[in-house]
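Asks: Attaching a predicted model along with its sequence, questions to come.
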Amino acid sequence: MSAGGAGKPLLLVSAALIEDAAGRVLLTQRKPRAHLPLCWEFPGGKVEAGETPEAALMREMREEVGIEIADLKPWRFVSHDYATFHLLMPLFSCRIASGEPQALDVHAVAWFERDQLRALDWPPADEPLLEALLAQ
Ligand SMILES: Nc1nc2c([nH]c(=O)n2[C@@H]2O[C@H](COP(=O)(O)OP(=O)(O)OP(=O)(O)O)[C@@H](O)[C@H]2O)c(=O)[nH]1
């Protein structure tokens, strides 16, 4: 990670940490032709102009996986330098208020046991989030 990056756009992305009663974590898989193809990641997406991070996350969860979320609480954030943009990504812990996750606008969606998480391909920015999750 670099502290420089003058001129690089800052990208604000909200993401969700959703666990079920058994402690499994809900992840989505990026599309084959996206940036970081087929990586598994925390569901979420870009915050649009005029939106709060919380409202953006609620919209993305509806659009991408067809669920309503509730009880959003800031959990961790990452600030990560990618080649063409700098990512600022708050991760909110939350719960599913209604709906069953479906892959509406993602390649796939799935629940993972904690001991499966390390073996997945993750975006580089997610490393500290994964470590924090596995440490708790
Ligand atoms: N949702 C999400 N995005 C992440 C995570 N980690 C991470 O580096 N990102 C990055 O944050 C950005 C999120 O953008 P996005 O998924 O809304 O949009 P996109 O660039 O894939 O495509 P789009 O422009 O069609 O919406 C991507 O560049 C993605 O690689 C994560 O855990 N969850």
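Replies: Right, received. Where do you want to start?
Asks: Strands of the protein, start to end?
Replies: Secondary structure of the chain by DSSP state E: the strands cover 10-18, 25-29, 40-41, 44-46, 68-81, 86-98, 108-112.
Asks: JSON lines for the ones you listed, including mean pLDDT and mean neighbour count?
Replies: Every C-beta, even on glycine, is put in place using the N, C-alpha and C of the backbone. Output for these, formatted as JSON lines (pLDDT from 0 to 100; neighbours: other Cβ atoms under 10 Å):
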{"stretch": "strand 10-18", "mean pLDDT": "98", "mean neighbour count": "20"}
{"stretch": "strand 25-29", "mean pLDDT": "98", "mean neighbour count": "22"}
{"stretch": "strand 40-41", "mean pLDDT": "98", "mean neighbour count": "22"}
{"stretch": "strand 44-46", "mean pLDDT": "98", "mean neighbour count": "17"}
{"stretch": "strand 68-81", "mean pLDDT": "98", "mean neighbour count": "15"}
{"stretch": "strand 86-98", "mean pLDDT": "98", "mean neighbour count": "18"}
{"stretch": "strand 108-112", "mean pLDDT": "98", "mean neighbour count": "15"}
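Asks: could I get the ones you listed as TSV with distance to the ligand?
Replies: As requested, these are exported to TSV (distance: least, Cβ to the nearest ligand atom, whole Å):
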stretch	distance to the ligand
strand 10-18	4
strand 25-29	7
strand 40-41	3
strand 44-46	3
strand 68-81	6
strand 86-98	5
strand 108-112	12
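Asks: ok, the closest residue to A110 other than its chain neighbours to K8 distance?
Replies: In space, A110 comes closest to L27 once its chain neighbours are excluded; the distance is 6.3 Å by Cβ to Cβ, 6 or more residues apart in numbering. Distance of L27 to K8, given as Cβ to Cβ, to the nearest Å: 27 Å.
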